[in-house]
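**Student:** mind folding the following:
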Amino acid sequence: MNKIKIDGVLIVEGKADVSYLSNFVDALFFTTGGYDLNKEKIRFLKRAAKVNKLIIYTDPDEAGETIRNMIKSQINPVFEAKSEKIVRKSYKKFGVAELQKKEVIKSLSPYVTSKKMTHIDYELSTTISLSDNPSKSKDIIVNKYGLIRGSNKSLENQLNILRVSIEDFKETIRGN
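**Tutor:** So this is what the prediction gives:
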């Protein structure tokens with residue numbers, strides 16, 4: 001199945017949204033963790049907005065609107081994709097993960113691209129585990145690029161969002 005390619009970073013509320021959308025959408029994703037949109041995440045998104053198009057795609061409910069407005073009030077430019085609350089698979093919830101696929105595709109259509117999506121594999125797990133001091137290596141990477149501390153997979157996603165080149169990354173590692 002061909003996935004639609006999105007030119008930018010989709011900002012969603014949670015992991016369930018990423019899990020559902022990644023079945024048919026090729027994009028970089030950033031999760032807010034619901035209302036857990038702290039200063040560190042906002043600071044990261046401001047940096048990301050300098051190198052990537054940020055597209056807010058929060059749930060079509062009151063919480064989603066609140067999160068959307070929090071982001072829009074602090075980051076510029078940002079773009080929005082919205083879905084109607086009534087078009088969903090389930091009548092129990094109103095989240096992005098409950099939307100019908102055709103509604104998602106319609107909502108994201110302004111941001112669809114035909115260009116090849118680039119996701120760099122920084123081999124972070126291997127790189128960190130081979131270093132003399134894995135904890136220090138991870139700290140250096142987090143601090144150098146202003147990342148939000150998390151799993152290696154999360155850090156790699158953030159490096160991709162910031163469009164860190166593999167060459168720059170390797171130079172940082174060699175500089176240790």
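
**Student:** hmm, which helix or strand of the chain has the shakiest average pLDDT?
**Tutor:** helix 124-130 (a mean of 83; mean pLDDT, DSSP states H and E).

**Student:** and stretch 70-83, how far from the chain's centre?
**Tutor:** A distance of 14 Å separates the C-alpha centroid of stretch 70-83 from that of its chain, computed with Cα atoms, centre = their mean, to the nearest Å.

**Student:** tell me how far the closest residue to Lys144 other than its chain neighbours lies from Val104.
**Tutor:** Take Lys144 and drop its neighbours on the chain: the residue closest to it by Cβ to Cβ, 6 or more residues apart in numbering is Thr172, 5.5 Å away. Glycine gets a C-beta too; all of them are placed from N, C-alpha and C. Distance of Thr172 to Val104, computed by Cβ to Cβ, to the nearest Å: 36 Å.

**Student:** between those two, which is the more surrounded one?
**Tutor:** Val104 (22 against 16; other Cβ atoms under 10 Å).

**Student:** circling back to that earlier point, correct me, but the residue nearest to Lys144 touches Leu147?
**Tutor:** No - assessed by Cβ atoms under 8 Å, Thr172 is found out of contact with Leu147, at 11.7 Å.

**Student:** any shared contact partners between those two?
**Tutor:** Ile141 (Cβ atoms under 8 Å, 6 or more residues apart in numbering).

**Student:** in the chain, which spans are helices?
**Tutor:** Using DSSP state H, the helices of the chain run over 15-21, 39-48, 62-74, 101-108, 124-130, 134-145, 152-161, 166-174.

**Student:** so what touches the longest one?
**Tutor:** Read that as helix 62-74. So helix 62-74 is contacted by 11, 13, 32, 34-35, 37, 42, 45-46, 54, 56, 58, 78, 80, 94-95 (Cβ under 8 Å, 6+ apart).

**Student:** how much space between the nearest residue to Arg47 once chain neighbours are set aside and Thr118?
**Tutor:** In space, and not counting its chain neighbours, Arg47 is closest to Gly146: 6.0 Å by Cβ to Cβ, 6+ apart. Per Cβ to Cβ, Gly146 is found 21 Å from Thr118.

**Student:** more neighbours: which of these two?
**Tutor:** Using other Cβ under 10 Å, the more surrounded residue of Gly146 and Thr118 is Gly146, with 14 against 8.

**Student:** show me what the longest strand along the chain pairs with in its sheet, parallel or antiparallel.
**Tutor:** When the chain is parsed with DSSP state E, its longest strand is strand 4-12. Strand 4-12 sits in its sheet next to strand 25-31 (parallel), strand 54-56 (parallel), strand 112-113 (antiparallel), going by DSSP bridges.
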